[in-house]
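1. heads up, no residue letters with this:
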Ligand code: SIN
């Protein structure tokens, strides 16, 4: 847990959030299930498909999101589920078109701090990420404390500084895979306690009006992706404040370990440098991300983020780790180069 500020001020005491909490529900079937597993229509439309790192991140060059047909949209969902995040540059898509594209993937989600029901406006930040109780630049999965945390999430940058304000995305599928079998087994039996309390306090104290009260919610610490059937950590230091099954000090040490595991994972990470018109489309279920603050004029950074509700996180013990999936591909003798993996196309 990175936030230790209580911030319980008169303003917080006086504040009443207008909306009730959201109850868990079953969202529409993930559009990736409708995709051609080869993703032929989407990939054929790209001038270049550039995998940016082995574990996470693919850039599709020469594709306009505004021009995708229904089949290509579904295939994009599958590519995002497999690669964690897919990037585009020089997009001509308008805000209205972004809302429509988001709706293709499910029911539009609303962050508790989101003013417009259809998108969050993302801004520049100059906070000190090393300061006491400053969690704004910390790794997170967007509002993971909800009953149905977001699945596919799209951020389109409208304006960006010449340098600064990059975003880092880390594969939680690979993070889980890199743990020892003993830690994997232990973590599969645990639940993270996700809390929005500190964000709520910070938000009210900063003069915003979050429309839902703060909440704490337990989710499996290891979740199964419904489409890829791969196991992934579902941890993030911005919102996970406790481990339900552990005693206090046990949880603190485990959370410290998890934070270090995440922050040390340079090999499982992609760092994206934005330009106006760049888009990142990521799977919030299996990716942690953080926007790097400071060192630039924050008024020069603005983006629009849209997202859809995901399923309630679940853990299926019969799902696979990434290594198990790789090994299976090899055992099936498809050959190293053509192993039909979710991580190589
Ligand atoms: C976010 O946390 O969803 C926004 C990421 C960014 O500002 O780059």
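-> Sure, I can see it. What you see is a predicted model, and the numbers here were worked out from it, not measured in a lab.

2. residue 145 contacts residue 192, doesn't it?
-> No. Using C-beta atoms under 8 Å, residue 145 makes no contact with residue 192, being 9.8 Å away. The C-beta positions use only the backbone N, C-alpha and C, and glycine is treated the same way.

3. who's more crowded, those two?
-> residue 192 (30 against 26; other C-beta atoms under 10 Å).

4. ok, which stretches of the stretch 101-250 of the chain are strands?
-> 120-123, 150-159, 167-171, 191-195, 216-220, 222-224, 231-233, 240-243 (DSSP state E, counting those that start in this stretch).

5. and the first one, what does it pack against?
-> Packing contacts for strand 120-123, counted by 3 or more C-beta pairs under 8 Å, 6 or more residues apart in numbering; DSSP states H and E, involve strand 302-309.

6. roughly how far does residue 212 sit from residue 94?
-> Residue 212 sits 29 Å away from residue 94, taking C-beta to C-beta, to the nearest Å as the criterion.

7. please say which of the two ends up with more neighbours.
-> residue 212 (20 against 12).

8. excluding its backbone neighbours, what's nearest the more buried one?
-> Among residues not flanking residue 212 along the chain, residue 112 sits closest, at 4.3 Å (C-beta to C-beta, 6 or more residues apart in numbering).

9. same question, residue 7
-> residue 201 (3.8 Å).

10. got it, and residue 254?
-> Residue 254 sits nearest to residue 243 (C-beta to C-beta, 6+ apart), 5.5 Å away.

11. same thing with residue 328?
-> residue 320 is the one closest to residue 328 (C-beta to C-beta, 6+ apart), at 7.4 Å.

12. show me what the least confident helix or strand in the chain by mean pLDDT is packed against.
-> Least confident helix or strand of the chain, by mean pLDDT, DSSP states H and E, is helix 322-331 with a mean of 88. Secondary-structure packing of helix 322-331 (3+ C-beta pairs under 8 Å, 6+ apart): helix 172-177.

13. which helices and strands sit right next to the helix it packs on?
-> Checking 3+ C-beta pairs under 8 Å, 6+ apart, helix 172-177 ends up next to strand 231-233, helix 322-331.

14. would you pull up how far the longest one lies from the middle of the chain?
-> It stands for helix 322-331. Distance of helix 322-331 from its chain centroid, counting by C-alpha atoms, centre = their mean, to the nearest Å, is 25 Å.

15. how about the residues of this structure by the ligand?
-> With C-beta under 6 Å from any ligand atom as the criterion, the chain comes near the ligand at residues 122, 142, 155, 167, 289, 291, 305.

16. can you do 8 Å?
-> Residues of the chain lying close to the ligand (C-beta under 8 Å from any ligand atom) are 120, 122-123, 125, 140, 142, 153, 155, 165-167, 274, 280, 289-291, 301, 303, 305.

17. which of those are buried?
-> 120, 122, 125, 140, 142, 153, 155, 165, 167, 274, 280, 289-291, 301, 303, 305 (16 or more other C-beta atoms under 10 Å).

18. residue 203 contacts residue 114, doesn't it?
-> No. Counting by C-beta under 8 Å, residue 203 sits too far from residue 114 to count as a contact (11.1 Å).

19. I'd assumed residue 8 was in contact with the residue nearest to residue 7.
-> Yes. Residue 201 is within contact range of residue 8, at 6.7 Å (criterion: C-beta under 8 Å).
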